[in-house]
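Student: what's the 3D shape of this:
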Amino acid sequence: MERLKNEEDQKAVDVDLIVKLKLKLTFICTYVQLSYSDLEQFEDIMTRKRREIENLLQPILDDDGKDVGCKYVLTSLAGNMDDCISLYHHSSKSDATMMDEQLDFLLLNLYHLSKYRAEKMFPGVTQYEVLQNVCGNIRDFHGLIVNGCIKHEMVENVLPLFQMMAERVGHFLWKYHTDENAQLSELDEDDQNDGDSRLFKLAHLLLKIVPTELEVMHICYTNLKASTSAEIGRFIKQLLETSPDILREYLIHLQVHMITVITPSTLGARNIHVMIEFLLNILFDMPKDFIHHDKLFDLLAFVGALIKEVSTLVRDLEEKLRNKESTDKTNRATLDLLENIEFLKEDLKHVYLKVPDSSQCCFSMSDGPLFMHLLHIHLNDLLDSNAYSIALIKEEIELVRQDLEFIRSFFVNVEQGLYKDLWERVLDVAYEAKDVIDSIIVRDNGLLHLIFSLPITIKKMKLINEEVTDLHENISKNRGLIVVNSPKKPVESKSLTPDKIIVGFEEETNLILRELTRGPEELDVISITGMPGSGKTTLAFKVYNDKSISCHFDLCAWCTVDQEYDEKNLLNKIFNQVNGLDSNLIENIDVADKLRKQLLGKRYLIVLDDVWDTTTWDELTRPFPNGMKGSRIILTT
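Tutor: Numbering: from 1, shown residues only. Here you go, the predicted model:
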């Protein structure tokens, strides 16, 4: 082919034919080398491939019908292939150890075969891309050995692993040629079961061969990191580009494998899952620019070493469960492994990661109470979950839930408008907490959020918690606040006159005045609640006598409710105030009906001071009509 390409009078050769020919020749070369292993239908498939090569070569070599050269080449090639294939019958596993050059050629061919699958047959399928990258990395590393860039004694222990990996990859790629129609079925997109089975087997293969890449990473970090060789430098750069994807895919499959073969209750299993989740967060973020580029290889080596430990512990657990042995020792080893998370967090924070900017996100305040309620449910659901991604930050989620629950209970019991700035800060940190937690769980910039954002958010929440705690303590010291918890004992009625000068409560007064004069057209109730002596009645009286109120409402009435109250007498008092009268109660008159008729069609304000029983409240409010005039009831309790 090289000769033909250089001939000036050569006719145009179909490039696709040459690509197909090279691929089939690669197939022959690969499996002739692996003929010592047990390959089903070896002779039949190789003979078929030999014919396919002849059929592809014929139109390429046939030069205007003068096929003398074509016949010679085909005959020579066919004889060569037949000789190679026939060696299959005379080889045995005792002859299986390859020389470096043989192994290098085999690894190169396997790389081309896996590359073809990744790019041509299954483009976009991550697992095939990982297979291609693993084969490429191992072959390139082995090429450094063959070329003398790496001393042989440095890699003696891993050379058998390379041949073992080549055999496994070779067997995986071979089994789809055991059926004459295999290639057609591979391209049949409707054959979902066949595709799923293929990916399952590929995942199993990756679990077997990626540990070889971990060994290569270890050698590069411990022995080759300081090398001045340009070839080694290029290979290390290649490792940095491809290994995060390879290790990420490996850990995902390892986690699935663990779930399949190791019960969650097995001692140590959950610790391993937490470690895997932590490493996945690092690997998903490793290519990002917030990691110091000059530290990437160190970080990759550290992660690779931890993955080796994880892999060893998983195999150890499997072995002990299979043999029905105690897993106590392995469990202790997983606890030691888990300690690495905290050490690595510190290194990530101070060595590997760039500190993110402190820009704040703005969140909507309009649906704050609803959001806080839904967040409370969300956090409880997370804590109830057994997902391993959540186990990584379960303690932090619990801290967030506890703080938010206390803060939320405080703001349920006060008017948020009284502490608008604090309420806005609460919502900010609540939205932030949800965003950070969810990002870690789904591994969206999870590393950055895990190392920086989550601790900062928890600290913010602690500070707000302390501030709310101080406010809560001040309530018990009779500071004037609006809360909803009703006292257990009735509050002594206050005797106030309209001309008394009342100071304080400026913020609360303005808030209630806005609630009274604005807002919905339907009848609305404003509750002023709090501990005995906190100034509820004083605040209500101040509002009631404000000039803006007398201008805004058609009718106003104030009624103090004692513990031993009489509904009819109270309604009569309200009726008299509404009408400006001072008459006694007349027997056999329905006061509630009279009051309702009097209030109907009017915008009214009724203050019910010192209501401490819910039954009393239900009875007293029945006569008040909703005339869609913007009427209001103030309730102190």
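Student: residue 434 and residue 385: what is the separation?
Tutor: 15 Å (CB to CB, to the nearest Å). Just so you know, the C-beta spots here come from the backbone N, C-alpha and C atoms, and that holds for glycine as well.
Student: tell me which of the two has more neighbours.
Tutor: The neighbour comparison of residue 434 against residue 385 (other CB atoms under 10 Å) goes to residue 434, with 19 against 14.
Student: which is the next helix or strand following the lowest-mean-pLDDT helix or strand in the chain?
Tutor: The weakest-scoring helix or strand in the chain, judged by mean pLDDT, DSSP states H and E, is helix 182-186 (a mean of 46). Elements were assigned by DSSP states H and E; along the chain past helix 182-186, the next helix or strand is helix 192-219.
Student: counting contacts, what elements does that following helix pack onto?
Tutor: Contact partners of helix 192-219 among helices and strands, from 3 or more CB pairs under 8 Å, 6 or more residues apart in numbering; DSSP states H and E: helix 126-146, helix 159-174, helix 182-186, helix 230-261, helix 296-322.
Student: switch to 7 Å and redo it
Tutor: Under the contact criterion of 3 or more CB pairs under 7 Å, 6 or more residues apart in numbering; DSSP states H and E, helix 192-219 touches helix 126-146, helix 159-174, helix 230-261, helix 296-322.
Student: what's the residue nearest the centre of the chain sitting at in phi/psi?
Tutor: Compute the mean C-alpha point of the chain, and by CA atoms, centre = their mean the closest residue is residue 442, 1.3 Å away. Its backbone dihedrals place residue 442 at phi -90, psi 0, with angles given as degrees, to the nearest 10.
Student: which regions of the stretch 101-250 of the chain lie under the pLDDT threshold?
Tutor: When the per-residue scores of the stretch 101-250 of the chain are filtered using pLDDT under 70, the ranges that remain are 177-195.
Student: try 50 this time
Tutor: Across the stretch 101-250 of the chain, the stretches falling below the confidence threshold (pLDDT under 50) are 179-181, 183-190.
Student: contact partners for the nearest residue to residue 132 once chain neighbours are set aside?
Tutor: Excluding its sequence neighbours, the residue lying closest to residue 132 (CB to CB, 6 or more residues apart in numbering) is residue 118, at 4.1 Å. Residue 118 makes contact with 128-129, 131-132, according to CB atoms under 7 Å, 6 or more residues apart in numbering.
Student: thinking again about what came up before, could you dump the helices and strands packed on helix 192-219 to TSV with distance to residue 407 and mean neighbour count?
Tutor: Listed next are the helices and strands packed on helix 192-219 as TSV, based on distance: least, CB to CB, whole Å; neighbours: other CB atoms under 10 Å:
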stretch	distance to residue 407	mean neighbour count
helix 126-146	43	22
helix 159-174	56	19
helix 230-261	36	18
helix 296-322	37	18
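Student: among the ones you listed, which comes closest to residue 617?
Tutor: For those, the distance to residue 617 is smallest for helix 230-261, at 55.5 Å, taking CB to CB.
Student: chain center to the closest one: distance?
Tutor: Centre-to-centre, helix 230-261 and its host chain are 20 Å apart (CA atoms, centre = their mean, to the nearest Å).
Student: now the end-to-end length of stretch 110-122.
Tutor: Terminal residues of stretch 110-122 lie 16 Å apart, using CA to CA, to the nearest Å.
Student: show me the strands in this structure, by range?
Tutor: Counting by DSSP state E, residue ranges of the strands within the chain are 524-528, 555-560, 604-609, 632-636.
Student: what does stretch 211-223 rub up against?
Tutor: Stretch 211-223 is contacted by residues 134, 137-138, 141, 154-155, 158, 161-162, 165, 236, 239, 243, 246, 300-301, 304-305, 307-308, 311 when judged by CB under 7 Å, 6+ apart.
Student: distance of residue 573 from residue 623?
Tutor: From residue 573 across to residue 623, the span is 12 Å (CB to CB).
Student: between those two, who's got more neighbours?
Tutor: Per other CB under 10 Å, whichever of residue 573 and residue 623 has more neighbours is residue 623, with 21 against 17.
Student: nearest residue to the residue nearest to the centre of the chain in space, ignoring adjacent ones along the chain?
Tutor: Residue 442's closest residue in space is residue 389 (CB to CB, 6+ apart), at 7.8 Å.
Student: tell me the confidence at the one you found?
Tutor: Turning to residue 389, the model gives it a pLDDT of 87.
Student: ok, residue 20 next?
Tutor: 83.
Student: how about the contacts made by the residue lying closest to it once chain neighbours are set aside?
Tutor: Once its chain neighbours are removed from consideration, residue 20 has its nearest residue in residue 56; the separation is 5.8 Å (CB to CB, 6+ apart). With contacts taken as CB under 7 Å, 6+ apart, residue 56 has the following neighbours: 17, 20-21, 24.
Student: now, of those residues, which are buried?
Tutor: Burial by neighbour count, judged by 16 or more other CB atoms under 10 Å, picks out 21, 24 from those.
Student: which of the contacts of residue 56 lies closest to residue 369?
Tutor: residue 20 (66.9 Å).
Student: for residue 50, see how far away the closest one is.
Tutor: Between residue 20 and residue 50 the distance, using CB to CB, works out to 14 Å.
Student: now do residue 112
Tutor: For residue 112, the distance to residue 50 equals 19 Å [CB to CB].
Student: before we move on, what about residue 33?
Tutor: Note on residue 33: its distance to residue 50, by CB to CB, is 16 Å.
Student: repeat for residue 115
Tutor: When CB to CB is applied, the distance between residue 115 and residue 50 equals 23 Å.
Student: what's the answer for residue 369, then?
Tutor: In this view, residue 369 and residue 50 are 76 Å apart by CB to CB.
Student: these two: which has the busier surroundings?
Tutor: Counting neighbours by other CB under 10 Å for residue 369 and for residue 50 shows that residue 50 has the greater number, 18 against 14.
Student: ok, now which ones touch that one?
Tutor: When the contact criterion is CB under 7 Å, 6+ apart, the partners of residue 50 are 78, 81.
Student: pLDDT value on it, please?
Tutor: In this prediction residue 50 is given a pLDDT of 84.
Student: same question, residue 300
Tutor: The pLDDT attached to residue 300 in the predicted structure is 94.
Student: make 5 the starting number, not 1.
Tutor: Understood, numbering begins at 5; the last thing we discussed is residue 304.
Student: just confirm it contacts residue 244, I think it does.
Tutor: Yes - the pair residue 304 / residue 244 is scored as a contact, 6.3 Å apart, by CB atoms under 7 Å.
Student: picking that back up, count of neighbours near the residue nearest to residue 446?
Tutor: 20.
Student: that one touches residue 443, doesn't it?
Tutor: No - the criterion here is CB under 7 Å, and residue 393 misses it with residue 443 at 11.2 Å.
Student: so for the residue nearest to residue 24, what pLDDT did the model give?
Tutor: In the predicted model, residue 60 carries a pLDDT score of 82.
Student: same check, this time on the one 3 residues further on
Tutor: According to the prediction, residue 63 has pLDDT 73.
Student: measure it to residue 361 for me?
Tutor: As defined by CB to CB, residue 63 lies at a distance of 63 Å from residue 361.
Student: next one: residue 411
Tutor: Residue 411 is 27 Å from residue 361, by CB to CB.
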